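1. Predicted structure and sequence below. I'll ask about it afterward.
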Amino acid sequence: MQSLVDAIREQGVILPGGFLKVDGLVNHQLLPGLTREMGVRFAELFAPLKPNKVLTIEVSGIAPAISAAMELNVPMVYARKKKPLTMKEPAFTASSVSRTKGGNVDLFISSEFLGPSDRVVIIDDFLASGGTLRALTGMIELSGATLLGLGCVVEKQFELGREFLADLGVPIHTLANIIRMSEHDGIEVEVGR
Ligand SMILES: O=P(O)(O)OC[C@H]1O[C@H](OP(=O)(O)OP(=O)(O)O)[C@H](O)[C@@H]1O
Ligand SMILES: O=c1[nH]c(=O)c2nc[nH]c2[nH]1
């Protein structure tokens with residue numbers, strides 16, 4: 001998605017520890033036009049698989065996921081990082097690592113909203129190590145739903161998440177691909193794959 005690549009070139013900031021800050025378009029402020037375009041692109045890529053649900057994880061996955069779900073006209077479910085008292089048992093659980101806040105997080109999805117009849121595409125903001133997507137796919141497996149594909153707004157190719165997830169045997173689509181980045185040389189980014 002060229003407009004996303006342009007925005008990353010314009011606004012992306014490299015932080016120590018190998019983090020890319022794109023808070024102005026993905027992780028803090030959201031831009032309606034750009035977010036809508038993400039959804040349109042994901043829908044083009046995944047509609048042929050005929051999903052009936054989009055799954056994501058709070059918090060930064062929600063915007064691109066609802067944008068895609070609106071285009072696909074299917075419900076969007078997000079994994080919660082704290083189990084609310086309104087959540088009916090049984091719930092599917094998994095553990096992942098929060099990359100931006102540190103530490104393990106427990107994830108919860110109610111069996112009310114994910115089950116064997118679901119054909120699911122996962123959408124998230126970042127594909128880095130792939131650990132978060134792996135945790136979500138584990139929950140899909142527990143639920144008996146079918147995983148159709150994975151989509152992320154930004155891929156950090158050098159963290160090898162795509163390779164880590166290859167055994168799932170589903171298409172992985174990203175909208176912008178960070179080939180490499182360093183505080184010295186800047187951000188090398190191209191349209192996703
Ligand atoms: O591929 P990985 O190495 O798992 O990294 C990607 C994950 O890291 C971030 O989550 P985080 O919990 O840090 O942030 P958020 O609260 O903004 O969603 C991001 O939102 C992805 O879910
Ligand atoms: O804002 C973010 N920047 C990153 O580089 C990153 N990697 C995983 N998750 C991330 N979130």
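-> Great, that's in hand. Numbers count the residues shown, from 1 in each chain. Ligands and ions are numbered 1, 2, ... in the order given.

2. Now V13. Nearest residue, chain neighbours left out?
-> Among residues not flanking V13 along the chain, K21 sits closest, at 4.2 Å (Cβ to Cβ, 6 or more residues apart in numbering). Heads up, the C-betas are built off the backbone N, CA and C, glycines and all.

3. Measure how buried the one you found is and give me the count.
-> 14 (other Cβ atoms under 10 Å).

4. Verify the contact between it and Q29 for me.
-> No - contact criterion Cβ atoms under 8 Å: K21 and Q29 do not qualify, at 11.7 Å.

5. Residue numbers of this protein in contact with ligand 2?
-> F19, L20, N27, R99, T100, F126, A128, K156 (Cβ under 6 Å from any ligand atom).

6. Model confidence for the nearest residue to the fifth one once chain neighbours are set aside, exactly?
-> In space, T100 comes closest to F19 once its chain neighbours are excluded; the distance is 7.1 Å by Cβ to Cβ, 6+ apart. According to the model's per-residue confidence, F19 sits at a pLDDT of 96.

7. Tell me what F19 is bridged to.
-> On the basis of DSSP bridges, F19 is bridged to L15.

8. Also V54?
-> Under the criterion used (DSSP bridges), V54 bridges to M76, V121.

9. go on, A176?
-> A176 has these beta-bridge partners by DSSP bridges: V154, V191.

10. give me every residue that touches it.
-> A176 makes contact with M1, L4, V5, I8, V153, V154, E155, V189, E190, V191, G192, according to Cβ atoms under 8 Å, 6 or more residues apart in numbering.

11. Apply 7 Å and report the result again.
-> M1, L4, V5, I8, V153, V154, V189, V191, G192 (Cβ atoms under 7 Å, 6 or more residues apart in numbering).

12. Show me what the helix of greatest length in the chain is packed against.
-> Scanning the chain for the helix with the most residues, using DSSP state H, yields helix 32-46. With contacts taken as 3 or more Cβ pairs under 7 Å, 6 or more residues apart in numbering; DSSP states H and E, helix 32-46 sits against helix 2-11, helix 62-72, strand 146-156, strand 172-182.

13. Kind regards, and thank you for your time.
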